[in-house]
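> Structure for this input, please:
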Amino acid sequence: MICAHWSQALDRLAARHLKRELRLVERHGSVIVRDGRTLVNLASNDYLGLASDQRLIAAASAALERYGVGAGASRLLAGNFSIHEELEAALAEFKRAEAALVFSSGYATNVGILMALATPRDHLYLDELVHASIHDGARLSGARVERFRHADANDLERRLRENASRGARIVVTDGVFSMDGDLAPLPDLIAVCERHDALLVVDDAHGTGVVGPAGRGTAAHFGVENRVPVQMGTLSKALGGQGGFVAGSRQLIQFLIQRARSFIYSTGIAPVLAAAALEALRIAEGEEWRRETIKRQRERLASALAAKGYEVRGELEAPMLLVMMGEAEAALELARALETAGAYAPAIRPPTVPHGTSRIRLAPIATHTAEQIEAVIAAFPEKTR
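Numbering: from 1, shown residues only. Alright, predicted model coming up:
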């Protein structure tokens, strides 16, 4: 009976063009090899092109010799190494915060933060387009959850005014919305939070390393670093590795060490990954050309595809842009045409995005050549108006 239900669910997804498939990747970077073909890769979050950088490989290799492969235990038991604390100190300095704490993944970071900070007495206000990990962490916290209109500080203020809570009030937003390519209006959200004594949590997974001066993130871009009490980031996108982190006051970090279940009950991040992240952070801060290259590439893609008749979304400061296609079938057809022409950019479909808004997400990498970007543009057929 249960197996029949699984089969029926899979059939329904396939009929609606929403069934997902795993496909083998032989190698990745500015190009990706799949089924023996080399394709220009526009599907990665490796924005700065650091995942295969030889300096990260060397740092990881040295850590492998010193520490071994894994941490071997929770950080609170026997899995806390000097490289972990060195990385956390560097991340805190990078984010202009007092302290930082590293988790095993970005997903675990968001779930851990919200489960620790919010209780059933509290009220969470989420931008309606926040990442899935935030929705999951909010549900697991047991707090009352309310969603405000995307990037709408006025709607947030109305909800805070109308729904007084005896517990804490916590507002959560992405810094960069990765499926829409826009930035949260942090100055406006901060002003609302300060007026209503609400705690602001910013998930800056897609801003860290890419947005703002030296890639310090969305809060740095707006010049409000000292007014965002909880900044989340990831090591697995622009920094090219794996893991997540939160930066804030020393008191916040000490509280999370005691209460964040996804930190307490997880094996510490592998020392080799911590060493690679530390090196990536140094490179990201110092090599501005990587961010400048991404911006030029994104601007070229946006203008050229708009000229071909496509609806293109995304702010120039964000590292990605979206080609809107509407129905899932149309997005899948375009993704297949692009792959046939040598460009890899899968269709983004529900439930990742709302129904009727399927799209192609393009994320140029700093190590793409101008010729590769032009090849991607050429791979897009002229759109019938």
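> Tell me which residues are up against the longest helix along the chain.
The residue-count maximum for a helix in the chain (DSSP state H) belongs to helix 288-307. By C-beta atoms under 8 Å, 6 or more residues apart in numbering, the surrounding residues in contact with helix 288-307 are 47-49, 210, 214-215, 284, 312, 314, 316-321, 323, 362, 364-366, 368, 373, 376-377, 380. For every residue, glycine as well, the C-beta is placed using N, CA and C.
> mind redoing it with 7 Å?
Helix 288-307 has contacts (C-beta atoms under 7 Å, 6 or more residues apart in numbering) with 47-49, 210, 215, 312, 314, 316, 319, 321, 323, 362, 364, 366, 368, 373, 376-377, 380.
> what about P351, helix or strand, and which?
Assigned by DSSP states H and E, P351 falls within no helix or strand.
> And for E371?
helix 370-379.
> centre of the chain versus that helix, how much separation?
Remark: helix 370-379 is offset 25 Å from the chain centroid, using C-alpha atoms, centre = their mean, to the nearest Å.
> And for V224, the neighbour number?
17 (other C-beta atoms under 10 Å).
> Just list the residues touching it, thanks.
186-187, 190.
> Let me have these in CSV, extended by neighbour count and pLDDT.
Shown next, in CSV, are the contacts of V224 (neighbours: other C-beta atoms under 10 Å; pLDDT from 0 to 100):
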residue, neighbour count, pLDDT
L186, 23, 98
P187, 13, 98
I190, 21, 98
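> so of those, which ones are in helices?
Those of those lying in helices (DSSP H): 186-187, 190.
> of the contacts of V224, closest to E157?
I190 (11.9 Å; C-beta to C-beta).
> Touching, that closest one and L200? I think so.
Yes: I190 is in contact with L200 according to C-beta atoms under 7 Å; the separation is 6.2 Å.
> Quick check: neighbours shared by these two?
Joint contacts of I190 and L200 (C-beta under 7 Å, 6+ apart) are V228.
> What strand or helix carries Y125?
strand 123-127.
> helices or strands up against that strand?
With contacts taken as 3 or more C-beta pairs under 7 Å, 6 or more residues apart in numbering; DSSP states H and E, strand 123-127 sits against helix 132-141, strand 144-148, helix 153-162, strand 169-174.
> Out of the ones you listed, flag the one nearest M115.
helix 132-141 (5.0 Å).
> packing partners for the closest one?
Looks like helix 132-141 contacts helix 106-117, strand 123-127 (3+ C-beta pairs under 7 Å, 6+ apart).
> Let's see that with 8 Å instead.
helix 106-117, strand 123-127, strand 169-174 (3 or more C-beta pairs under 8 Å, 6 or more residues apart in numbering; DSSP states H and E).
> Mean neighbour count and mean pLDDT for the ones you listed - can I get that in TSV?
Shown next, in TSV, are these (neighbours: other C-beta under 10 Å; pLDDT from 0 to 100):
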stretch	mean neighbour count	mean pLDDT
helix 106-117	25	97
strand 123-127	24	97
strand 169-174	25	98
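> For A60, list the residues it contacts.
Neighbour list for A60: 272-273, 275-276 [criterion: C-beta under 8 Å, 6+ apart].
> What of P120?
Taking C-beta under 8 Å, 6+ apart, one finds 141-144 in contact with P120.
> got any ranges where the stretch 151-300 of the chain has weak pLDDT?
165 (pLDDT under 70).
> Quick check: phi and psi at A71.
phi -70, psi -30 (degrees, to the nearest 10).
> Could you grab the helix/strand/coil label for L101?
strand (DSSP: H, G, I helix; E, B strand; the rest coil).
> between the contacts of V224, which is nearest R349?
L186 (29.3 Å).
> Now the closest one: closest residue in space that isn't a chain neighbour?
Using C-beta to C-beta, 6 or more residues apart in numbering and skipping the chain neighbours, the partner closest in space to L186 is F222 (4.8 Å).
> I figured the one you found hits A184, correct?
No: the pair F222 / A184 is not scored as a contact, 9.1 Å apart, by C-beta atoms under 8 Å.
> who has more neighbours, those two?
Remark: of F222 and A184, A184 carries more neighbours, 26 against 21, as counted by other C-beta under 10 Å.
> picking up where we left off before, how much does the strand holding Y125 deviate in direction from strand 144-148?
Taking axes from the mean of the first three to the mean of the last three C-alpha atoms, to 10 degrees, one finds that strand 123-127 is oriented at 30 degrees with respect to strand 144-148.
> Can I get strand 123-127 as PDB, trimmed to CA atoms?
Output of strand 123-127 as PDB, limited to C-alpha atoms (Å, rounded to 0.1, in the frame of the first residue of the first chain):
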ATOM      1  CA  HIS A 123       6.600  35.000  16.900                       C
ATOM      2  CA  LEU A 124       8.700  34.600  13.800                       C
ATOM      3  CA  TYR A 125       8.200  36.900  10.800                       C
ATOM      4  CA  LEU A 126       9.600  35.500   7.500                       C
ATOM      5  CA  ASP A 127      10.000  37.100   4.100                       C
END
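> Can you list the strands that it pairs with?
With DSSP bridges as the test, strand 123-127 is paired with strand 144-148 (parallel), strand 169-174 (parallel).
> any idea which element R336 lies in?
helix 328-340.
> So what touches that helix?
Under C-beta under 8 Å, 6+ apart, the answer for helix 328-340 is 16-18, 39, 323, 325, 344-350, 358-360, 376, 379-381.
> If we use 10 Å, what do you get?
16-18, 34-35, 37, 39-40, 42-43, 310, 323-325, 327, 343-350, 353, 355-362, 376, 379-381, 383 (C-beta atoms under 10 Å, 6 or more residues apart in numbering).
> Drop anything exposed from those residues.
17-18, 34, 39-40, 42-43, 310, 323, 325, 343-349, 353, 357-362, 376, 379-380 (16 or more other C-beta atoms under 10 Å).
> So which of these are in helices?
376, 379.
> returning to what we had before: any chance of the contacts of V224 in CSV, plus distance to A97?
CSV is the format used below for the contacts of V224 (distance: C-beta to C-beta, whole Å):
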residue, distance to A97
L186, 15
P187, 19
I190, 16
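> No further queries at this time; thank you.
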